[in-house]
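**Q** my questions concern the predicted model and sequence given below.
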Amino acid sequence: MGYARHAATGRRRAWGSRHEERRGGQEVSALVEFDGVSKSFRLKGRPVQAVQDIGFAVQPGEAIGFVGPNGAGKSTSMKMLMGMLRPDQGRITLMGRPAADERARRGVGYVPENPYLYDYLTPLEVVSMGLGIHLGLRGAAAQARAMQWLERMGIGYAAHKRVRNLSKGMTQRTALAHALALEPRLLVLDEPMSGLDPVGRKLVADEVNAYRQRGGTLFFCSHILNDVERLASRILLIHQGRLRADTPMTELLTHGDMVVRYSGERPLEGFAASGPGIWQAQVGKRQVPQLLDGIAQAGGELVDVQRVFTLEEWFARIVQGAGQPDAAHG
């Protein structure tokens, strides 16, 4: 079971950080670090390069969205991070220790895409047991805290059902409740919205964002780009086993054209009809203030200003620019 662990620290990244802690008298910072990591497999008798020379670090307080097409190397990277696979080359540290070291996973809450929970237990027993094992919390106190988290995940009503009778989405939320109840320093999620309906996705996103606001650090992979935009402060894009982009979300959101719409009797220069009495124009972001002034001076009423550029477009441009995947696996 044990998807979440408690209490550990990180190690100092060679190029430094403003956020530093100590472990054994040594300054530390990055909670996750990949340094020149490569991994290959043999598939049907031929070598397949799953991950090739990738490097990045996750600092305390960040929310990293790890994205890429199917077969890009995301799953392989996640498994190496959690000690389930070892790299052929390079170094991976988790909480300041080698990722293969069992102690590295203390202080980490991990939820895989398909979490395994003992099917004869109930969600209340799953979360309570985790609190006992990792935090020493037992009895009524553990059950009260477990129930609180199940309710926050919207499945308090299923607290006494057997796991074997839960849907995929309910099982996913049970595993997330288990991880978050332990208050980990680092939350690692593999496809956290998998199997969730729109209501469940919003609820989980709200709880994960609340965890971040409490000072938690998030590293997750997802193929649902709307959820990535909702959760991530920085995006890593992997394709064909290589890291193709490492970009702050704020930078992405400031790119691209804007569509300005207003209502008025006649169009200003450059505007075209988009409905009865509604006019619109697509312009660069820097032109928006000038257009808004012009609309106001002409007596028009602003309807909205919307960004044209989307995360999906950014993703597609990078992936298509790199060509079709032919080497990565997982």
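**A** Looks like it came in fine.
**Q** now the helices for this structure?
**A** Taking DSSP state H as the criterion, the chain carries its helices at 74-81, 123-135, 139-152, 168-181, 198-213, 225-231, 249-253, 288-297, 311-322.
**Q** contact partners of the last one?
**A** Meaning helix 311-322. 67-69, 225-226, 228-229, 235, 237, 239-240, 242, 244-245, 252, 255-256 (C-beta atoms under 8 Å, 6 or more residues apart in numbering). All C-beta spots, glycine's among them, are computed from the backbone N, C-alpha and C.
**Q** what ranges in the chain fall below the confidence cut-off?
**A** 1-28, 254-256, 322-330 (pLDDT under 70).
**Q** if I look at the residue nearest the centre of it, how far off is Gly300?
**A** Geometric centre of the chain, nearest residue: Phe220, 3.3 Å, by C-alpha atoms, centre = their mean. Per C-beta to C-beta, to the nearest Å, Phe220 is found 43 Å from Gly300.
**Q** for stretch 261-275, C-alpha coordinates in CSV please.
**A** The C-alpha coordinates for stretch 261-275 follow below in CSV (Å, rounded to 0.1, in the frame of the first residue of the first chain):
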residue,chain,number,x,y,z
ARG,A,261,-14.9,42.0,-28.9
TYR,A,262,-17.1,45.0,-28.3
SER,A,263,-20.6,46.1,-29.0
GLY,A,264,-21.3,49.3,-30.9
GLU,A,265,-23.1,50.9,-33.9
ARG,A,266,-20.2,50.5,-36.3
PRO,A,267,-16.9,48.7,-36.5
LEU,A,268,-13.6,50.4,-35.8
GLU,A,269,-10.8,49.9,-38.4
GLY,A,270,-9.7,46.2,-38.4
PHE,A,271,-12.8,44.9,-36.7
ALA,A,272,-15.3,42.5,-38.3
ALA,A,273,-18.8,41.4,-37.4
SER,A,274,-19.1,38.5,-35.0
GLY,A,275,-22.9,38.9,-34.3
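**Q** show me what Phe66 bridges to in the sheet.
**A** Beta bridges link Phe66 to Cys221, Leu236 when assigned by DSSP bridges.
**Q** no further queries at this time; thank you.
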